[in-house]
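Engineer: Structure, please.
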Amino acid sequence: MSTISRRSMLAGMGLALGGGLFARGAHGADKTVRRPNFVVIYCDDLGYGDLGCYGAEKIKTPRLDAMAGEGARFTDFYSCAAVCTPSRAGLLTARYPIRSGLNKVLFPGSTGGIEDSEITIAQALKALGYATGCIGKWHLGHLPPFLPTRHGFDYYFGLPYSNDMEVKARKDPPLPLMRNEEIVEQPANQDLLTKRYTEEAVRFIREHKDQPFFLYIPHSMPHVPLHVSDSFRGKSGGGLYGDVIEEIDWSVGQVLDAVKDCGIEENTLVIFSSDNGPWLAKGEHGGNAGPLRMGKGTTFEGGVREPGIFRWPGHIAAGRVEHAPAITLDLLPTFVALAGGTPPSDRSIDGQNIAPLLLGTGQPSSRDFFFYLLEDLQAMRSGPWKLKRPFKGSVYGKPEEHPVLLFNLENDPGEKNNVAEQHPDIVKQLEERMQAFEKGLGAVPETKK
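Structural biologist: Predicted coordinates for the structure are as follows:
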């Protein structure tokens with residue numbers, strides 16, 4: 001897409017250029033402040049039960065626990081997908097990945113990626129005068145047209161795809177570490193990835209403290225193979241996996257400290273979550289879904305419900321435990337609204353602005369959440385109810401089969417009790433909604449490969 005076409009598209013979103021000021025106060029009170037900064041820290045394959053504030057006992061996460069105590073900890077926060085590429089596409093575009101064709105995992109041999117026609121959070125905020133940075137795992141296409149710097153990010157440092165994608169039998173190249181569009185190390189020293197991402201993130205914050213910024217930090221860990229620096233190796237009670245999580249906790253602390261040291265703490269919304277649930281097939285290296293059922297690669301709660309911690313001193317009340325469901329698709333419309341703009345109006349946006357929920361000025365409207373696994377719509381949540389369509393297949397080589405399932409997640413978050421036979425009317429209603437949603441998708445783009 002040409003620069004002129006892109007400018008026209010962004011202008012159609014109602015986004016005014018410039019840093020500007022906007023009115024937003026603590027819990028609804030009016031006061032004039034600079035547009036807020038946004039930091040999204042996004043893990044890879046983190047389990048719902050891997051943090052202290054979500055029930056972990058052997059793994060210590062004091063900085064994340066403190067972050068939750070200083071802000072809001074969501075109990076029902078979702079990724080829009082159960083595997084890597086689709087979840088990242090949804091987070092950055094506020095659209096279910098089926099709409100963009102990014103509903104399968106991309107590999108080093110893939111020729112596809114995120115298209116110019118998609119609008120990312122970075123592009124939307126850049127049009128509002130924001131500096132934008134991506135530090136970590138991208139995984140939306142490794143060829144030049146698909147890199148972060150072509151999709152709204154001023155700066156990029158990290159891996160273009162997952163850290164296990166250097167399979168010799170598949171003729172993958174050694175794992176490349178990139179800065180912007182250049183490879184700076186190959187193979188990447190994975191032991192130092194979390195440390196180097198952290199250093200880059202802190203530097204970005206310090207360099208842009210005087211202007212609004214959006215910083216996206218998609219960690220490569222704790223995706224297998226696990227790697228950790230010497231400072232954290234062998235230090236946790238949770239084995240190598242625990243070491244990795246404790247280094248991520250340290251990293252979060254470094255980011256929060258940088259924000260505070262720069263004097264922008266009350267003007268910076270920091271969010272922590274993960275792309276999907278734990279890779280349980282990896283055993284002790286695969287994390288813990290806590291009380292939830294199954295993990296990565298499934299649309300059970302363990303595959304799509306993630307930690308969700310939101311911290312914004314002076315705006316989000318400290319110590320909140322929020323039970324209202326929300327999803328990563330909500331980030332783009334929320335950020336754009338808080339920055340004084342409006343989301344794209346020329347396409348379907350599946351997320352919604354949850355700023356009123358975060359600020360304590362309102363509750364989200366009733367809506368449905370749809371969960372895909374690759375091309376198939378497998379499940380949905382509506383209020384307390386979750387419907388899963390029948391399934392027969394395998395999950396990372398392990399056979400899995402079940403009939404239609406209905407759960408009341410308020411009473412049964414672990415999805416242990418199938419109540420489909422007791423509530424055929426609800427099964428029928430939800431299945432009809434799923435069919436209507438599928439029909440409303442219209443022409444679906446070809447899956448990127």
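Engineer: Let's verify residue 73: helix, strand, or coil?
Structural biologist: Put simply, residue 73 is strand when judged by DSSP: H, G, I helix; E, B strand; the rest coil.
Engineer: For it, list the residues it contacts.
Structural biologist: By Cβ atoms under 8 Å, 6 or more residues apart in numbering, the contact list for residue 73 reads 53-54, 307-309, 320-322. The C-beta positions use only the backbone N, C-alpha and C, and glycine is treated the same way.
Engineer: try it again with 7 Å
Structural biologist: When contacts are counted by Cβ atoms under 7 Å, 6 or more residues apart in numbering, residue 73 touches 53, 309, 321-322.
Engineer: repeat for residue 36
Structural biologist: Applying Cβ under 7 Å, 6+ apart, one finds that residue 36 lies in contact with 267-269, 338.
Engineer: In the lengthiest helix in the chain, which residues are buried?
Structural biologist: The longest helix of the chain (DSSP state H) is helix 239-261. Using 16 or more other Cβ atoms under 10 Å as the test for burial, helix 239-261 gives 240-256, 258-259.
Engineer: Stretch 199-207 too?
Structural biologist: By 16+ other Cβ under 10 Å, the buried positions in stretch 199-207 come out as 200-202, 204-205.
Engineer: Adding pLDDT, distance to residue 380 and secondary structure, write the residues you listed out as CSV.
Structural biologist: Listed next are those as CSV, based on pLDDT from 0 to 100; distance: Cβ to Cβ, whole Å; DSSP: H, G, I helix; E, B strand; the rest coil:
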residue, pLDDT, distance to residue 380, secondary structure
200, 98, 38, helix
201, 98, 35, helix
202, 98, 40, helix
204, 98, 38, helix
205, 98, 38, helix
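Engineer: Reformat those into CSV and put distance to residue 94 next to each item.
Structural biologist: Below are the buried residues of stretch 199-207 laid out as CSV (distance: Cβ to Cβ, whole Å):
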residue, distance to residue 94
200, 26
201, 23
202, 28
204, 23
205, 24
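Engineer: Could I have the buried ones of the contacts of residue 36 as PyMOL selection syntax?
Structural biologist: Per 16+ other Cβ under 10 Å, the buried members of the contacts of residue 36 correspond to this PyMOL selection:
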select buried, resi 267+268+269+338
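Engineer: mind listing which of the contacts of residue 36 are in strands?
Structural biologist: The members of those that map onto strands under DSSP state E are 268-269.
Engineer: Pick the one among the contacts of residue 36 closest to residue 181.
Structural biologist: residue 268 (28.0 Å; Cβ to Cβ).
Engineer: Which neighbouring elements make contact with the strand or helix carrying residue 125?
Structural biologist: Here residue 125 sits within helix 121-126, counting by DSSP states H and E. Counting contacts by 3 or more Cβ pairs under 7 Å, 6 or more residues apart in numbering; DSSP states H and E, helix 121-126 packs against strand 131-135, strand 213-218, helix 331-338.
Engineer: Indicate which one of these is closest to residue 355.
Structural biologist: Using Cβ to Cβ, the helices and strands packed on helix 121-126 put helix 331-338 closest to residue 355, at 5.2 Å.
Engineer: In JSON lines: the contacts of residue 36, plus distance to residue 416 and pLDDT.
Structural biologist: What follows is the contacts of residue 36, written out as JSON lines (distance: Cβ to Cβ, whole Å; pLDDT from 0 to 100):
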{"residue": "267", "distance to residue 416": "44", "pLDDT": "98"}
{"residue": "268", "distance to residue 416": "40", "pLDDT": "98"}
{"residue": "269", "distance to residue 416": "35", "pLDDT": "98"}
{"residue": "338", "distance to residue 416": "39", "pLDDT": "98"}
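Engineer: Now render the contacts of residue 36 as TSV, adding distance to residue 152.
Structural biologist: Formatted as TSV, these follow (distance: Cβ to Cβ, whole Å):
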residue	distance to residue 152
267	21
268	19
269	18
338	17
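Engineer: thought residue 52 was touching residue 65?
Structural biologist: Yes: using Cβ atoms under 7 Å, residue 52 makes contact with residue 65 at a distance of 4.6 Å.
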